[in-house]
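Colleague: I would like the atomic coordinates for the input below:
(chains A, B, C and D)
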There are 2 protein chains.
Amino acid sequence: MHESLVAVNDSTVAGLGRLARFFGFSEVMGRLYGTLLLSPEPLSLDDLAESLRISKGSVSMNMRALERWGMAHEVWMRGERKKYYEAEPDLWQVIRNVLNGRERREVQVALEVLDESVEKLKSAEDELSPEEKELAEFYLERMDDLQAFFHVAQMALETVLGTESSLDFEEITKIDIG
Amino acid sequence: MHESLVAVNDSTVAGLGRLARFFGFSEVMGRLYGTLLLSPEPLSLDDLAESLRISKGSVSMNMRALERWGMAHEVWMRGERKKYYEAEPDLWQVIRNVLNGRERREVQVALEVLDESVEKLKSAEDELSPEEKELAEFYLERMDDLQAFFHVAQMALETVLGTESSLDFEEITKIDIG
DNA sequence: CACTATTTTTAGAATATTTTGAATGTAAGG
DNA sequence: CCTTACATTCAAAATATTCTAAAAATAGTG
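Modeller: As a prediction, the model looks like this:
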């Protein structure tokens, strides 16, 4: 294979490995995704293990994770016993899968915890000493800031998630962070 | 201290620890930030070590990291030898610091690498066999997708970074991901 | 300038994560 | 069914990360 093709493959696989790490996935997941993305044909577990020089066990586990996140899909090859995979090529679909399955829940939980905290502070007010009351006031201000923050994050998320494969950035840029 | 205040402090510190992890920082950084955020007074390294039950060495290192990221600031206390810190309370300022110092560079590098890849593939065209040529075509399509993706990411970043402390979400929602 | 309170660095210990290869499980083909 | 070609699981080993406590460095004070 020509040097240029190898070089481009290498840097792309490495770059997607970095990106995966950045998004809190294992580097191997990103590299598997990259390998599949640059393959015109679906690849088997053995193909992938050979290409990335890692054990088949690792490939199996990481491919299953990729599948769960909708980053890769199994492909049936006629007359073949092996499992074959191909990458989900729509990067925005991938992003939406991840945001929907992970960030959304995180933000949801954060907002719930903040609500509870505010509730707790308000209903305990009577039992507090003057100093404690002052601190509770301070806490409430900070809870407010955090709530505002997560609220904007939630709006941004819902906006991205609410778009079809072709997200119009006009939608995103209308959230008031103030 | 009243149970409710302790509970709110605990869950907030834990939550910000989670958030820090999510953003690729150490959990301790997030917990330090949370502790400072919920303290009306600046805290010393010893205060923080005691509050989080971790070694002073760890506090020192992590606080320096927080400072580098503009998530906390040193505060001079008259008549005190110790260093005191307080949290940067503007979460959007924190986000901008991080995006500006990290994501921005990442996206920049990614786009440069992609440019190089496209260049490499185009200039190697003459030397390629017919099969290789076909693969190069395929690679170019994928590079295109990746470029489009990072380009949108770049626009979104620049939009957030270009806002003052009060980001108008209208700005964000105008980027065309198509 | 030496003393002391404090922070920073660091090397090693403790912990957590990832990787691997062998054992086990599963299903297609005969 | 039995065999075989594969995929998956798992426990041990390798690696990476984080934490600590003690040593080194720094800076404020008399």
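Colleague: list the contacts of residue A:33.
Modeller: Residue A:33 is in contact with A:16, A:20, A:66, A:71, A:72, A:87, counting by CB atoms under 8 Å, 6 or more residues apart in numbering or on different chains. All C-beta spots, glycine's among them, are computed from the backbone N, C-alpha and C.
Colleague: what would those residues look like in CSV with neighbour count?
Modeller: Converted to CSV, the contacts of residue A:33 look like this (neighbours: other CB atoms under 10 Å in any protein chain shown):
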residue, neighbour count
A:16, 24
A:20, 22
A:66, 24
A:71, 25
A:72, 25
A:87, 23
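Colleague: list just the nearest of those to residue B:120.
Modeller: Using CB to CB, residue A:16 comes nearest to residue B:120 of those, at 17.4 Å.
Colleague: I figured the closest one hits residue A:31, correct?
Modeller: Yes: in this structure, residue A:16 is within contact of residue A:31 by CB atoms under 8 Å, at 6.5 Å.
Colleague: just confirm residue A:9 contacts residue A:38, I think it does.
Modeller: Yes: taking CB under 8 Å as the definition, residue A:9 is a contact partner of residue A:38 at 5.4 Å.
Colleague: shared neighbours, these two?
Modeller: Joint contacts of residue A:9 and residue A:38 (CB under 8 Å, 6+ apart) are residue B:139.
Colleague: tell me the pLDDT at the closest residue in space to residue A:56 that isn't next to it in sequence?
Modeller: In this structure, residue A:56 finds its nearest non-sequential neighbour in residue A:49, 4.6 Å apart by CB to CB, 6 or more residues apart in numbering or on different chains. Residue A:49 carries a pLDDT value of 97.
Colleague: for residue A:17, give me its contacts.
Modeller: Counting by CB under 8 Å, 6+ apart, residue A:17 makes contact with A:27, A:28, A:30, A:31, A:34.
Colleague: from chain B, how far out is it?
Modeller: Per CB to the nearest CB, to the nearest Å, residue A:17 is found 12 Å from chain B.
Colleague: for chain A, which helix is longest?
Modeller: Counting residues, the longest helix found in chain A (DSSP state H) is helix A:130-161.
Colleague: can you mark which positions in that helix are buried?
Modeller: Using 16 or more other CB atoms under 10 Å in any protein chain shown as the test for burial, helix A:130-161 gives A:132-133, A:135-136, A:139, A:142-143, A:146-147, A:149-157, A:159-160.
Colleague: returning to what we had before: pLDDT and secondary structure added to the contacts of residue A:33, as JSON lines?
Modeller: Formatted as JSON lines, the contacts of residue A:33 follow (pLDDT from 0 to 100; DSSP: H, G, I helix; E, B strand; the rest coil):
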{"residue": "A:16", "pLDDT": "97", "secondary structure": "helix"}
{"residue": "A:20", "pLDDT": "95", "secondary structure": "helix"}
{"residue": "A:66", "pLDDT": "96", "secondary structure": "helix"}
{"residue": "A:71", "pLDDT": "97", "secondary structure": "coil"}
{"residue": "A:72", "pLDDT": "97", "secondary structure": "strand"}
{"residue": "A:87", "pLDDT": "97", "secondary structure": "strand"}
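Colleague: can you tell me which of the residues you listed is nearest residue B:115?
Modeller: Nearest to residue B:115, judged by CB to CB, of these is residue A:16 at 16.4 Å.
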